[in-house]
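Enquirer: Need the 3D shape of this:
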Amino acid sequence: MLPTTVQAFIDSEIAANTTDFSDLRAVYVNGSLKRSPEVSHTDALIDISRHVLTGAGARVDVVRTVDHVIPPGVYPDLREHGWPKDDFPDIYRSLIEPAHIVVLATPIWLGDQSSMTRLVIERLYGWSGELNDKGQWSYYGKAGGVLITGNEDGGKHCAAQMLYALAHIGFSIPPQADSYWVGEAGPGPSYRDDNRGAYNHWTTRNTVFAAWNLLHTARRLVDSGGIPAHGNITTNWDLNDPDHPNPEYR
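Expert: Below is the predicted model of the structure:
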C-alpha cells in the first residue's frame, strides 16, 4: 500500500485529468511464475499503474500467463503444429488484439526476465504477421510498455530487451515507458515484503509517469488513425518466399 500522501497526489492528478480515455483498452501481461491465487510481487506494481489507467476511464484487463497453457513457439496457433492445447490464440483475440495499450510485466530471475515473459514475447512475435485494416503489421497503432520487479540486479537490462522486442514487432514506445524495483543488490526482500517497494518514491513516480505516457500515446495514436500507412504496407513488398516460417516473411 502506497503512503497516504503519495496515493492522494496520484488521485488528485487523476481527478484533474480532462482527457477522455474511456474508449481505450489496456492489458497487462504478468509473467510471474506463481499461479493464481498465490501472491505476486509483480501484480503489486501492476496495481499502481492499473489504478491510473482505470481512474482515467480506460478498460483494463490483467492476465497471468502461468495460469494458462501456452506452448513455446513462433506460430500463431500451436494446435496446428502438434500441441493438444494452446490458450494463447484466445488471449490474443480477446485481450491483445483489441487493446490500445499492452504492458509486459515480469519478475527478474538470475538477472533476466522470467521464462513466462520471454515465452509471451515469442508468442506475440508469432502473431505479428497479422495485418491491421490498413495492411500494416498487427501491432502498428498500439502503445507498449514494461514493468519489472525483483530482488536482484537486472531492471534496466530487462527493460531494454523487452522494449526493443515490442518496438521491433510494431508497438509504439512512449517516452519513459518502463519502471522497475529491484531493492538492494543481491538477494533480499521483494516488492511487497515489508511494503518496501511501495515506499520507494522513485519507482512509484516512474510507474505513474509510464502509465500516463501510455495513455497519452494511445490517445494520440487512436485520434490520428494510427501510424500513417505510407511506405510500410507489407503487401506492397514481395519477398519471394511465401512459405518462410518466420512471421515477418509471410
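
Enquirer: Roughly how far does residue 150 sit from residue 204?
Expert: Computed with C-beta to C-beta, to the nearest Å, the distance linking residue 150 and residue 204 is 16 Å. To be clear about C-beta, it is placed using only N, CA and C from the backbone, and glycine gets the same treatment.

Enquirer: And the helices in the chain?
Expert: 4-16, 41-55, 88-91, 115-127, 155-168, 201-223 (DSSP state H).

Enquirer: Now do the same for the fifth one: mean pLDDT, whole number.
Expert: This points to helix 155-168. Helix 155-168 shows a mean pLDDT of 97.

Enquirer: Let's see the longest strand seen in the chain as CSV, backbone CA atoms only.
Expert: In the chain, ranked by residue count with DSSP state E as the criterion, the top strand is strand 101-109. Extracted in CSV, the C-alpha atoms of strand 101-109 (Å, rounded to 0.1, in the frame of the first residue of the first chain):
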residue,chain,number,x,y,z
ILE,A,101,-2.0,-0.4,-24.7
VAL,A,102,-0.1,-3.6,-23.9
VAL,A,103,2.2,-3.7,-20.9
LEU,A,104,4.5,-6.7,-20.3
ALA,A,105,5.3,-7.2,-16.6
THR,A,106,7.9,-9.5,-15.3
PRO,A,107,9.8,-10.6,-12.2
ILE,A,108,13.6,-10.9,-12.5
TRP,A,109,15.3,-14.3,-12.1
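
Enquirer: And it, what does it pack against?
Expert: strand 25-30, helix 41-55, helix 115-127, strand 143-149, helix 155-168, helix 201-223 (3 or more C-beta pairs under 8 Å, 6 or more residues apart in numbering; DSSP states H and E).

Enquirer: I'd like those as TSV, with distance to residue 104 and mean neighbour count appended.
Expert: Listed next are these as TSV, based on distance: least, C-beta to C-beta, whole Å; neighbours: other C-beta atoms under 10 Å:
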stretch	distance to residue 104	mean neighbour count
strand 25-30	5	24
helix 41-55	10	21
helix 115-127	6	21
strand 143-149	5	28
helix 155-168	5	18
helix 201-223	12	19
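
Enquirer: Using CSV, please lay out the ones you listed together with distance to residue 106.
Expert: Output for the helices and strands packed on strand 101-109, formatted as CSV (distance: least, C-beta to C-beta, whole Å):
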stretch, distance to residue 106
strand 25-30, 8
helix 41-55, 7
helix 115-127, 4
strand 143-149, 6
helix 155-168, 6
helix 201-223, 14
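
Enquirer: Quick one: closest of the ones you listed to residue 11.
Expert: Closest of these to residue 11 is helix 41-55, at 7.2 Å (criterion: C-beta to C-beta).

Enquirer: ok now the closest one, how far from the chain's centre?
Expert: 12 Å (C-alpha atoms, centre = their mean, to the nearest Å).
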